[in-house]
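Asks: sharing a model prediction with you, sequence too.
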Amino acid sequence: MPLVSSRLRVPARHRAAILTAIREYGPISRADLSRVLSLRPSSITSQARDLLAQGLIDEVGPGNSSTGRPPVLLDIARRDNYAVGIVLEPNGISAALVQWDGAIVCRSPIVPVRPNVPAVDLEQQAIEAAERVLCEGGVLRERVHGIGVGVSALVDTSANEAVFSSTFSQVRRFRFDALAESTGRPVYLEDIAYLMALGERWFVYPNDRRPLVFLLVSRGTCGAVLAPAGAPELPRFAAEFGHMVVSPNGPLCGCGKRGCLEALLSESALLGTAQRLLPAPSNGPLTLASVAALAEAGNQIAASIIETAGEFLGLALANIASVFAPALIVVGGSVAEGWGRWLLPTGRAAAHDHLLDSLRDRVEVLPSRLGGDAALVGCAARVMDAVFSRQ
């Protein structure tokens with residue numbers, strides 16, 4: 001990839017920029033870092049020495065050279081540094097120890113969450129899950145640089161606290177300070193969709209120069225928008241895509257409006273439609289998987305439910321693309337995973353019909369590559385981002 005990065009020019013001794021450049025362009029030589037960042041070679045050498053001593057970067061072998069000795073390449077020390085990811089969802093709390101290359105080293109089983117559990121008890125469950133993976137991971141705690149916590153909530157990142165959650169109504173103006181105190185690791189709280197987007201950006205599409213838009217289609221419908229690396233003028237935020245109106249006379253949404261995307265495309269909305277139109281299976285309630293199986297077996301009603309969902313997905317994709325083109329739109333969540341085989345092709349076709357001709361070739365829609373681990377892996381990306389920023 002061309003080593004062009006005028007946006008990364010920073011004052012000498014700013015190691016955050018060096019780490020960012022190594023992550024974005026690495027493996028990379030000291031000489032190329034000097035050119036990318038417009039820093040003196042001596043400054044790069046001294047700062048790289050400090051980062052090597054901290055174990056944040058590695059020397060990973062010789063590079064190519066047309067003359068003289070091959071340069072030694074630098075890269076992020078991905079396999080010797082870790083983060084803990086914790087995700088709080090209605091079905092329970094999950095936790096994992098994640099390497100800086102995005103690999104999950106170990107994970108805890110999902111711990112069920114009682115309805116209306118007090119926030120302090122919820123935090124205690126998070127502490128127990130974190131301690132479990134820290135213990136089972138068998139790594140030195142000082143190599144674990146922080147804990148990312150994902151929650152379905154409005155998060156005030158400047159205060160590092162959950163402001164409001166429709167999922168966990170008891171979590172209001174709540175910080176996870178006890179988690180940080182118990183583990184001795186800093187805690188970074190974020191919306192789950194934002195973490196999913198961050199995981200895809202850092203570990204799947206690190207060098208893609210387009211904005212990355214993540215559309216989460218699960219129990220709720222929301223998303224996040226991330227700029228490419230090195231483009232601070234572009235937005236980075238969680239987004240309530242679920243409350244864009246795609247059918248003004250549609251069903252009532254939990255927010256009080258009619259025809260919101262979430263009222264038509266979320267897991268609960270789709271299963272509610274399926275329960276009204278399809279016979280109940282003899283072996284339990286209808287699920288996304290059982291509706292997909294009926295469609296696969298030729299049930300026209302089940303197929304129609306999925307096709308209609310795809311058409312609403314296409315409307316959402318077209319609306320998002322009209323704002324953020326050119327863009328990479330990644331679709332994830334339980335509905336996308338369960339019905340993706342049918343849902344995404346229909347969604348792409350519907351989006352194509354609704355987009356302006358000039359935008360059709362400027363937007364790419366892809367399924368999440370990280371799947372159900374996207375938020376946990378995104379927690380590691382959030383910790384890495386914090387470590388790099390404070391250098």
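Replies: It's in. Numbering: from 1, shown residues only.

Asks: switch to C-alpha atoms for all contacts and neighbour counts from now on
Replies: Noted.

Asks: so where is this protein shaky, pLDDT-wise?
Replies: By pLDDT under 70, the low-scoring segments of the chain are 1-13, 65-68, 115, 153, 163-172, 228-236, 390-391.

Asks: domain-wise, how is it divided?
Replies: Using automatic domain parsing, the domain parsing of the chain gives 6-76, 82-198+374-389, 209-368.

Asks: what's the most buried one of those?
Replies: The highest average neighbour count among the domains of the chain, using mean count of other Cα atoms under 10 Å, belongs to domain 82-198+374-389 at a mean of 20.

Asks: distance between the ends of that one?
Replies: Taking Cα to Cα, to the nearest Å, the first and last residues of domain 82-198+374-389 lie 16 Å apart.

Asks: quick one: distance of that domain to the chain centre.
Replies: Its chain's C-alpha centre and that of domain 82-198+374-389 lie 13 Å apart, by Cα atoms, centre = their mean, to the nearest Å.

Asks: could you pull out the helices for this protein?
Replies: Taking DSSP state H, the helices of the chain run over residues 15-25, 30-37, 41-54, 119-137, 177-183, 192-203, 261-265, 267-277, 288-296, 300-324, 334-354, 374-389.

Asks: got the contact list for the nearest residue to Ala129 once chain neighbours are set aside?
Replies: Nearest residue to Ala129, sequence neighbours excluded (Cα to Cα, 6 or more residues apart in numbering): Ala95, at 5.9 Å. Taking Cα atoms under 8 Å, 6 or more residues apart in numbering, we find Ala95 in contact with Val84, Gly85, Ile86, Val87, Arg107, Ser108, Pro109, Ile110, Ala129, Ala130, Val133, Leu376.

Asks: cutoff 6 Å now
Replies: Listed by Cα atoms under 6 Å, 6 or more residues apart in numbering, the contact set of Ala95 reads Gly85, Ile86, Arg107, Ser108, Ala129.

Asks: let me have those residues in TSV, extended by distance to Arg141.
Replies: Converted to TSV, these look like this (distance: Cα to Cα, whole Å):
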residue	distance to Arg141
Gly85	14
Ile86	16
Arg107	16
Ser108	17
Ala129	15
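
Asks: now, those residues that are in strands?
Replies: Gly85, Ile86, Arg107, Ser108 (DSSP state E).

Asks: closest one of these to Leu56?
Replies: Distance to Leu56, by Cα to Cα, is smallest for Gly85 among these, at 19.2 Å.

Asks: can you pull up the bridge partners for the closest one?
Replies: Ala96, Gly148 (DSSP bridges).
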